[in-house]
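Peer 1: only geometry, no sequence info:
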C-alpha cells in the first residue's frame, strides 16, 4: 500500500489514484493537519505504472518547440503530479479513518471496526484471510460479518501491532475504525460501574438554557430523579398528570425509557464519547395513561390527548414538539378515527389556530409473529392514531446487525442492515376508498432481534438494542436498560425535531416535519425490499413500508458547498366565494434563485438532483359521513409543480392555471425532461408530499419556478361550514445537489442572503 499526501490546503487529485481496471484501488481519503491523505492499494507489479506517469510529467519539456498551428497542452498527469507532496509506504495508521488523535496507543487492545475489501480470488475471501490468521497473530474476531457491495465489516479485538503483523491481513483491510460501543457493554456492567459512567457524563453535561424547546412527552410519566434526567427536568414546571391522584411518577415504566432517548438519543453513543455534551432542548412529561390501575375508555383517547396537550400548554410558554408512543389496535385500513382526527385537529390548530408538530409511533408487531418476519410485518398495519394525516408517524428500521459471537456464538440477526426492523408495522395492506395517507412518514433505528440459526425463535440481544434510562434506578437496580421497537424510534425522531427547533427557532411545525421528511433517504435494503416480481421498485410498497426513509442527520443540520436547500414558509387562500359559487382562489409561484451560470458551466450531460417537499396541515372533517368520500376528510389539498426546462415562466403559469385542481392531476409530460423518483408525479396521499427529480444541470438551470396550487377539499364542498375563505399555511423545501465536492453552488446563493425569495400569485 502507498500513501499519497498533498501540501497543506492544496487539493489532492485522488480520483486519478483509483485505477481498478489496473488492480489499483483507492482505499481511504482523509484530512490530516489540513492535508489530504489518500491510501491506495498498489500490487507490486503495478508500482511501475505510477512511476511511469510521474516520469512522463517530469520529462515533459514545457519549452519544447511547437509545430506550426499547434497549441501547447498541459503536460500529461499534470493535475495528479502537482497535487502530490509526499509518497510513502502505508501502514495501518493510514487506514485509520477516525480522527487521528484517537488512533490507539502501542500495545493497547481495543475493539476495531475492520472494513475488508474483496480479494482477487473467488476461492478465498477477505473475511477468511482475517479469521484464519487470528490465532497466529493474537487478535480475536468478535462478531459476525456485515456485508456491503464492495466491503465486509467485522469487529476485531486486538492491538494495532497484532493487526499489522501479517502482510496478507493488512492487504485485505480497506480501512479501520474504533468500534462503536454497543448497548450490551453498559447494560452488562455492575451497578457501581454504571453509576461511574453516569458520573463521567454528568461532569461533561451542559443542560439546556432557559427558553429552549422541549419534547412534550405524552406517556406513563417520568421518574425524573434519575441522575441523567434530574439536571434537565424541573419537578415543578415539567411534570404533569392527566388525573391528580395518579401522581407524576412513571407508572409504566415506559415513560422514563422514552425520556432518556428523547433527550440524549442512544445513550451508548453519548456515554462512549469524550467531549462535552451540550443539550439543546429539554423535556416535559404529561402522564397520559395509568395502566393497569385506571385505564381510559378507548373511545375517549382523542379527548384525553387533546386535554393532555392543553395542560402542558397552560404552563411555561415555550416551543414544543410532542412525542406519543401510545397506540391501540390497528388503524382500520387507514380510515380516520376519532383519535386520529383529534391528533389532526391539534396539529392544524383547528380550535385555537395554534399549529403543532406531533410525532406518533407506527405501533409494534405482536412478538409471537416475529418468527415470520418480514411477511407478518407487511400484513400487520400501522396502529391508531398513527394514520393521522398531519402527524409525523415514525416506523422502525435497523442498522444494528453485529452480534457478540463470544457471548452468542453462531447467532445471526433477523433483519439485515438498513432493512425493516422486526418490530415495525406498515400500511402495505391499506387500499380502502378513504384514500389513506402513506404511513409511516419516516423510519428511525428501532433495534433488531437475533436468532440462534435459520428458523429459530427470534430473541432480544442487548447489542442489537438502544440504551436508555431505567425507571428502577432508585431501588438499587441498574440505572441503564435497553429499549427498542417503534417507541424508541419515535423518541429518536423527537430528539431530532427538538434539536432542529433549537437551532432554527423560526421554523414552523410544518417546516420541522417537512425537514425530517426532506432529509430522509432509502437504504439499498429498503429499495431491494420494495421490488416487485419483475425486479422494479414499487413506490407504493416502498412508501407504505418505510415512508420516505431514514433521516440523514448530516443532511438535516448541515449544507455542503455542493448542495443547497431553500425553504419558503408561506400561506395561501385556496378558495373564494363568488356569488353563490365557491371557486379556486389562487396559485402561488415561487421564483427560485438557482445559480444558473454555475449549473450551465458544468460538463454537458452532468446529472444533478432536485428534491422538493411540500408540508402543510389539513383541518379534519367534522363528521364521519365524509370519510368514505373522495375528498371528505381533508379541508383542502396542496400540490407542487415545477417549471419544465422547455417552458418560459408565462407558459408555466398558463399550464398550471389550466389544471382542474383535482386530487390527482396527471398532466401530460410533453416537454418534460429528466425523471421523477416516485411515479413521474408526486404522492397524493395525506398532507406531505416529497419527490426527487434527476436530470442534467443544464435543464435544472431553466427550472426556475415552482407553483403551489390547491386541490378540492371540504372547505370548498361544504359551504354551510363557512370555511371557504380560510388561510392555509405551508412550507416548501427545495434542495439541489451536484455530484462532486468541487462545484460550489452554495456560495452564489449565499451572496443573496437578505434578498427574499420572490413569490407571486
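Peer 2: Cool, got the structure. Here the structure is a predicted model, which means the values were calculated and not measured.
Peer 1: the stretch 51-200 of the chain: strands as residue ranges?
Peer 2: 86-89, 110-116, 140-141, 146-147, 152-158, 173-178 (DSSP state E, counting those that start in this stretch).
Peer 1: sorry, that was for the stretch 301-450 of the chain
Peer 2: Using DSSP E, counting those that start in this stretch, strands in the stretch 301-450 of the chain cover 320-324, 358-361, 392-398, 412-413, 419-420, 442-445, 450-451.
Peer 1: now do the last one: everything it contacts.
Peer 2: What it means is strand 450-451. Applying Cβ atoms under 8 Å, 6 or more residues apart in numbering, the contact partners of strand 450-451 are 403, 408, 411-414, 457-461, 464. (Each C-beta comes from the backbone N, C-alpha and C, glycine too.)
Peer 1: got the contact list for stretch 203-214?
Peer 2: Contacts for stretch 203-214 (Cβ under 8 Å, 6+ apart): 228, 231-232, 238, 273, 275-284, 318-321, 498, 501-502, 505.
Peer 1: give me the buried positions along that stretch.
Peer 2: Buried residues in stretch 203-214, counted by 16 or more other Cβ atoms under 10 Å: 205, 208, 212-214.
Peer 1: could you do stretch 722-733 as well?
Peer 2: In stretch 722-733, counting by 16+ other Cβ under 10 Å, buried: 723-724, 728-733.
Peer 1: for stretch 337-353, same thing?
Peer 2: Buried residues in stretch 337-353 (16+ other Cβ under 10 Å): 337-348, 350.
Peer 1: dump the residues you listed to CSV, plus distance to residue 470.
Peer 2: Shown next, in CSV, are the buried residues of stretch 337-353 (distance: Cβ to Cβ, whole Å):
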residue, distance to residue 470
337, 33
338, 35
339, 30
340, 32
341, 36
342, 32
343, 30
344, 35
345, 36
346, 31
347, 32
348, 37
350, 39
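Peer 1: let's see which of those end up in helices.
Peer 2: 338-348 (DSSP state H).
Peer 1: for residue 304, give me its contacts.
Peer 2: 242, 288, 296.
Peer 1: so which of those residues is the closest to residue 556?
Peer 2: residue 288 (28.3 Å; Cβ to Cβ).
Peer 1: shouldn't the closest one be in contact with residue 323?
Peer 2: No: here residue 288 does not reach residue 323: they are 11.1 Å apart, not a contact under Cβ atoms under 8 Å.
Peer 1: so which of the two has more stuff around it?
Peer 2: residue 323 (31 against 25; other Cβ atoms under 10 Å).
Peer 1: nearest residue to that one in space, please, no chain neighbours.
Peer 2: Nearest non-adjacent residue to residue 323, counting by Cβ to Cβ, 6 or more residues apart in numbering: residue 494, 3.8 Å away.
Peer 1: tell me the secondary structure at the one you found.
Peer 2: helix (DSSP: H, G, I helix; E, B strand; the rest coil).
Peer 1: again with residue 263
Peer 2: With three-state DSSP as the basis, residue 263 sits in helix.
Peer 1: circling back: of the contacts of residue 304, closest to residue 60?
Peer 2: Distances from residue 60 to the contacts of residue 304, taken by Cβ to Cβ, are shortest for residue 288, at 75.5 Å.
Peer 1: contact partners for that closest one?
Peer 2: Listed by Cβ under 8 Å, 6+ apart, the contact set of residue 288 reads 218-220, 242, 304-305, 308, 324, 326.
Peer 1: one more time with 7 Å
Peer 2: Applying Cβ atoms under 7 Å, 6 or more residues apart in numbering, we find residue 288 in contact with 218-219, 242, 304, 308, 326.
Peer 1: same deal with residue 724?
Peer 2: Neighbours of residue 724 in contact, by Cβ under 7 Å, 6+ apart: 575, 577, 582, 715-716.
Peer 1: which of these are buried, as a PyMOL select command?
Peer 2: Entered in PyMOL, the line below selects the buried ones among those, by 16+ other Cβ under 10 Å:
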select buried, resi 575+582+715+716
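Peer 1: which of the contacts of residue 724 fall in strands?
Peer 2: Secondary structure from DSSP state E places 575, 577, 582 of the contacts of residue 724 in strands.
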